[in-house]
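Asks: Turn this into a structure:
(2 chains)
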Protein chains: 2
Amino acid sequence: MNLSRKPVQINEVIERIWEHHNPGMTEIVAIEDNTDRFLGEDIIAKTDVPAFDKSPYDGFALRAEDTAWASSENRIEFEVIDKIGAGSVSHKRIGGHQAVRIMTGAPIPSGCDTVIMLELVKEIERDGKNFIQITRKLKKGDNISFRGEDIKSGTLLVRKGTKINPGIQSLLATFGYKKLAVMRKPKIGVLATGDELLNVEEPLVPGKIRNSNSYMIVEQIKRSGAKAIHYGKIPDTFTATYDALHKAIAEVDMMITIGGVSVGDYDYMPKVYEALGADILCNKIAMRPGSVTTIASLDGKLLYGLSGNPSACYVGFELFARPIIRHSLGSNKPFLKKVKAILDVDFPKANPFTRFVRSKLFTGGTQLFVAPIGMDKSNIIFSLAYANCLMVLPGGTRGYKKGMEVEVLLLEDHEGSDLF
Amino acid sequence: MNLSRKPVQINEVIERIWEHHNPGMTEIVAIEDNTDRFLGEDIIAKTDVPAFDKSPYDGFALRAEDTAWASSENRIEFEVIDKIGAGSVSHKRIGGHQAVRIMTGAPIPSGCDTVIMLELVKEIERDGKNFIQITRKLKKGDNISFRGEDIKSGTLLVRKGTKINPGIQSLLATFGYKKLAVMRKPKIGVLATGDELLNVEEPLVPGKIRNSNSYMIVEQIKRSGAKAIHYGKIPDTFTATYDALHKAIAEVDMMITIGGVSVGDYDYMPKVYEALGADILCNKIAMRPGSVTTIASLDGKLLYGLSGNPSACYVGFELFARPIIRHSLGSNKPFLKKVKAILDVDFPKANPFTRFVRSKLFTGGTQLFVAPIGMDKSNIIFSLAYANCLMVLPGGTRGYKKGMEVEVLLLEDHEGSDLF
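Replies: Got it, this is the predicted structure:
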């Protein structure tokens, strides 16, 4: 195995990991338990909508032909022979100059071919019978919602892999999807390495910091739609790292470790991957932050050795782990959505490598603008709390000027992109 | 009580309901259980970050003054007297021309004032001792991450009411927020009325439809950050409606009913509100869809009588219920975020009232564009599955042309707006 560290281009990294993607599996859940899940099957209209001709208004159903001579000078009278609310069906047979009082959503009675709104008639009671008077001509089909006019039975409504939202939930209920297939959440293990790490509840002591990256990555995993399994932290020794990884990998679909990937004396991750028999896909990437990101595969599972630097860790997950997760959640747009925006400030830093700058996308008029959040020192985690995108600044430049057009990757989008 | 139906302007509706808003309560949860919650307290930096001067690289810590005469012609040699990884502290006292091998994140040993990167030195072993040779002059403070340079202790980092994201979770872990206050999720009851409604698992029969609006509103409630309590469906009778509402209102913070608000013979909702002793804030709103939306207050709780029309129901919730929920989740930007976009198609429909059109916001270059999804027949639920915004078309116009600038309300945003 070649552990020399030759920077691999980002697109090449994507290609190498994509050979190890997993199409994902489905499971059946009840409609009440769908929240934030991804469809595991296409939603198909199982009936016409409406399923029957119905009234879109409260009013009276009648025959248009009987209104042919109606005008404000020539009121035409109809006998009201029945009354139906939504959910009821009239079993009366309608004749000439007869009408059925009908409420919104109720089926058009047989023989009727138009509806006049309640507000447009005069109601009269005479001899214990109800009548209405009409002063306008109606056309056949007026004010009827026809069977199938919204959706025809058999129509493909929403594709597998789409995140369920309120509108989709409504469709599922409409077509009786009491239970449906959703994508099984892949299980992603998270393990932090480092003698310097304290648990979140421990007090600070000299030289130590709390393990914050694991909590961040766990949230990123949840945001991506997967299930996170938090394996805590282990000390910087080969044996501890090997043992913990060996055990964890067996339990998960993808394994993320944080730290131990640099060239320092205690950076065991590449050696542990080697000892586990994993195939190292890259151990250096031509980007900032995150250049020391190491990615390997073992028994069809991807192993991500992310940097312990918070920004590098964050970016490494979003660029290389999230698309694999989204793909296994059925998406055919697994990559972060990319849009163009106008740089709102100068970014004078020279850029030998492609840089991913945590940034804020905002609007001015109908234009999209982007600005970095805070300074881009890569150990500042503060700015990650406010970032809604990563600005992509291709390498080989002396910096960028306010007003230039740049690309940004959206962090909180669920639509995605089919291209990296 | 005045049950006459005079359309109230949207801004006036907001003002009336805002008198009944509730600031919300907090509860304590563990950091592991924060996902999708809203901060119930400000996050404050409890220590400096870094908490100590530390090395940002793997290298050697030494005294800058000892490198004053170093050059490629004049190598200067240092004895390496200690070696520390992240998490360790060197207890050696450094003297002239001595150095400590130091890994990324480890604290700068006392006496040292600069760090040289591993790659820039030549390492030598002689007589069982380790030495390095340096060929460049270093400045005091070079390659040191100084205590507090990222964040000073006491800094306000993130305000109460912000939705927790991966970056925020990282801050919480960094500062030892093992448990923290989050906003309690308000409990929102959902009840559908209508004889025409079937449960999702029931087969269709003539004249009936499945109760889909409840499932949609439950998802909208969850998306807003609140907890939904689904009371199912009841028949269109005054008694059933009164009894169900009376019971449910006692158990929730806000009550949403669907249907029964029109002027039809079976639309009991306004009368039930009256019988319950509620104060009716509006029973008609100058907007489309959703004009028959009825809103009332009872014992400090808001009662929303939304239309049974899916689009009207959806829009009524987003415009009038969501801001109240977001406010009770601590947000000072509780309203839907509004941005401007260029209308991408003609919208020729005359517009007597302000219209909220379910639409798709998308980008072209650095510009935002918007287009309605499907035709805007208000009983089409299909389009709600694909809408990511509501286009706002103010009333009193003869329609809108492609290329005009319009306002849109974002449906999937979590930042919000402080203005309606």
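
Asks: For the residue nearest to A:G148 when sequence neighbours are not counted, which residues are in contact?
Replies: Spatially, and ignoring its direct neighbours in sequence, A:G148 is nearest to A:D48 (3.5 Å; C-beta to C-beta, 6 or more residues apart in numbering or on different chains). Quick note: C-beta positions are derived from backbone N, CA and C, even for glycine. By C-beta atoms under 8 Å, 6 or more residues apart in numbering or on different chains, the contact set of A:D48 is A:R147, A:G148, A:I151, A:K152, A:S153.

Asks: and A:L172, how many residues sit next to it?
Replies: A:L172: 27 surrounding residues under other C-beta atoms under 10 Å in any protein chain shown.

Asks: The stretch 101-250 of chain A: helices as residue ranges?
Replies: Taking DSSP state H, counting those that start in this stretch as the criterion, the stretch 101-250 of chain A contains helices spanning A:166-174, A:213-224, A:238-249.

Asks: TSV please, covering those and showing distance to B:F60 and mean pLDDT.
Replies: As requested, the helices of the stretch 101-250 of chain A are exported to TSV (distance: least, C-beta to C-beta, whole Å; pLDDT from 0 to 100):
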stretch	distance to B:F60	mean pLDDT
helix A:166-174	58	96
helix A:213-224	26	97
helix A:238-249	24	96
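
Asks: wait, A:I76 sits on A:W69?
Replies: Yes - applying C-beta atoms under 8 Å as the test, A:I76 and A:W69 come out as touching, 6.7 Å apart.

Asks: Which of these two has more residues huddled nearby?
Replies: Set side by side, A:I76 and A:W69 show more neighbours around A:I76, with 18 against 8, by other C-beta under 10 Å.

Asks: who does the more buried one bridge with?
Replies: A:I134 (DSSP bridges).

Asks: now it: how far from chain B?
Replies: 23 Å (C-beta to the nearest C-beta, to the nearest Å).

Asks: and the residue of the stretch 301-420 of chain A at minimum distance from chain B, how many neighbours?
Replies: Chain B sits closest to A:L384 of the stretch 301-420 of chain A, with a gap of 3.0 Å, by C-beta to the nearest C-beta. Per other C-beta under 10 Å, the neighbour tally for A:L384 reads 25.

Asks: Spell out the secondary structure type for it.
Replies: Following DSSP: H, G, I helix; E, B strand; the rest coil, A:L384 is assigned to helix.

Asks: how does chain A divide into domains?
Replies: In terms of domains, chain A is parsed into A:10-25+A:185-328, A:28-47+A:150-183, A:59-134, A:338-410 (source: automatic domain parsing).

Asks: just to revisit the earlier point, quick check: phi and psi on the residue nearest to A:G148?
Replies: phi -70, psi 150 (degrees, to the nearest 10).

Asks: Give me the buried entries from the contacts of A:D48.
Replies: A:R147, A:G148, A:I151 (16 or more other C-beta atoms under 10 Å in any protein chain shown).

Asks: Wait, the last one touches A:V49, no?
Replies: Pointing back at A:I151 there. Yes - under the criterion of C-beta under 8 Å, A:I151 makes contact with A:V49 at 4.3 Å.

Asks: Who are the contact partners of A:G290?
Replies: A:L306, A:S307, A:N309, A:S311, A:A312, A:C313, A:V315, A:G316, A:L319, A:F356.

Asks: Inside helices: which ones of those?
Replies: A:S311, A:A312, A:C313, A:V315, A:G316 (DSSP state H).

Asks: Skipping adjacent residues, who's closest to A:K92 in space?
Replies: A:D82 (4.4 Å).
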